[in-house]
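Peer 1: Give the three-dimensional model of this entry:
(one chain, ligands or ions: 1)
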Amino acid sequence: MMMNAALYDAALWPIEKLFLQKLRQRLVSGVRGRVLEIGVGTGANLPYYSPEIELTGIDPDEGFLARARRRAQALGRSVTLRAACAEELPFPDHSFDTVTATLVFCTVADPLQALREVHRVLVPGGEFKLLEHVRVRHALGAAMQDLLTPLWRRIANNCHLNRDTLSLVQANGFRIESVREHLRGLVIEVGARTGRKEE
Ligand SMILES: C[S@@+](CC[C@H](N)C(=O)[O-])C[C@H]1O[C@@H](n2cnc3c(N)ncnc32)[C@H](O)[C@@H]1O
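Peer 2: Purely as a prediction, here's the structure:
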């Protein structure tokens with residue numbers, strides 16, 4: 001089953017109010033410069049970016065992008081929105097100071113290629129900020145995630161409940177600067193950077 005944009009927003013609404021909005025705000029409100037949001041979806045983070053940044057968002061789903069466009073318009077927010085995949089970003093090397101992604105790396109088909117692309121488009125020392133649900137560390141919880149993932153992927157557009165995104169980021173060219181855990185490690189906020197030129 002493919003979840004459409006309106007259904008996605010409706011399904012997430014209670015979680016947004018209870019939990020996610022606060023985390024979104026903290027993750028993106030401080031970012032500066034040229035910012036790329038990967039998997040921008042329906043634009044749930046748009047209200048929280050500073051009006052001063054130069055914001056670009058990509059997503060492969062035109063339905064989600066259309067909703068993001070309407071949201072940007074309603075907010076009076078200037079943002080360039082393009083149809084693209086994280087695995088093949090249509091931007092030159094070192095085009096962005098910051099890349100953000102929220103609830104996206106659970107879903108991308110090839111997370112390693114996506115991380116290579118994030119690294120490529122960031123300036124040296126550029127910032128990568130993520131909010132993701134991930135594989136939990138306790139064995140029973142992780143086993144449940146393994147069990148549920150095949151079904152969940154079919155219901156929720158390839159979303160993997162059991163992806164260890166933090167380890168992937170750490171092992172693929174990024175220095176982890178901060179990690180905040182929520183719900184016993186089920187949800188994490190990560191601040192990371194690419195290595196600087198001189199390193
Ligand atoms: C769970 S939604 C999250 C949307 C939004 N980031 C949010 O926080 O509400 C996952 C998003 O990732 C997008 N997506 C899926 N595969 C992708 C890929 N390969 N590259 C970039 N975005 C992708 C989907 O279209 C969808 O908008």
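Peer 1: Need the single longest strand in this structure, by residues.
Peer 2: Using DSSP state E to define each element, the chain has its longest strand at strand 122-133.
Peer 1: does the ligand sit close to it?
Peer 2: No. For strand 122-133, no contact with the ligand is found by CB under 6 Å from any ligand atom; the gap never falls below 7.2 Å. Any C-beta I mention is one placed from the backbone N, CA and C, and that applies to glycine too.
Peer 1: Same question for stretch 25-42.
Peer 2: Yes. Using CB under 6 Å from any ligand atom, stretch 25-42 reaches the ligand at 38, 39, 40, 41.
Peer 1: So for that stretch, mean pLDDT?
Peer 2: Mean pLDDT, stretch 25-42: 97.
Peer 1: Between the two ends of it, what distance do you get?
Peer 2: Its first and final residues considered, stretch 25-42 spans 16 Å by CA to CA, to the nearest Å.
Peer 1: Can you give the distance from it to the centre of its chain?
Peer 2: How far stretch 25-42 lies from its chain's middle: 9 Å, per CA atoms, centre = their mean, to the nearest Å.
Peer 1: Repeat that for stretch 126-139.
Peer 2: With CA atoms, centre = their mean as the basis, stretch 126-139 stands 10 Å off its chain's centre.
Peer 1: tell me which residues of it are tucked away?
Peer 2: 126, 127, 128, 129, 130, 131, 132, 133, 134, 135, 136 (16 or more other CB atoms under 10 Å).
Peer 1: residues making contact with stretch 20-30?
Peer 2: 12, 37, 44-45, 48-50, 100, 102, 129-131, 182, 187, 189 (CB atoms under 8 Å, 6 or more residues apart in numbering).
Peer 1: now what about the longest strand of the chain, what contacts it?
Peer 2: So strand 122-133 is in contact with 20, 23-24, 27-28, 31, 94, 96-106, 118, 161, 163, 165-166, 169, 174, 186-197, going by CB under 8 Å, 6+ apart.
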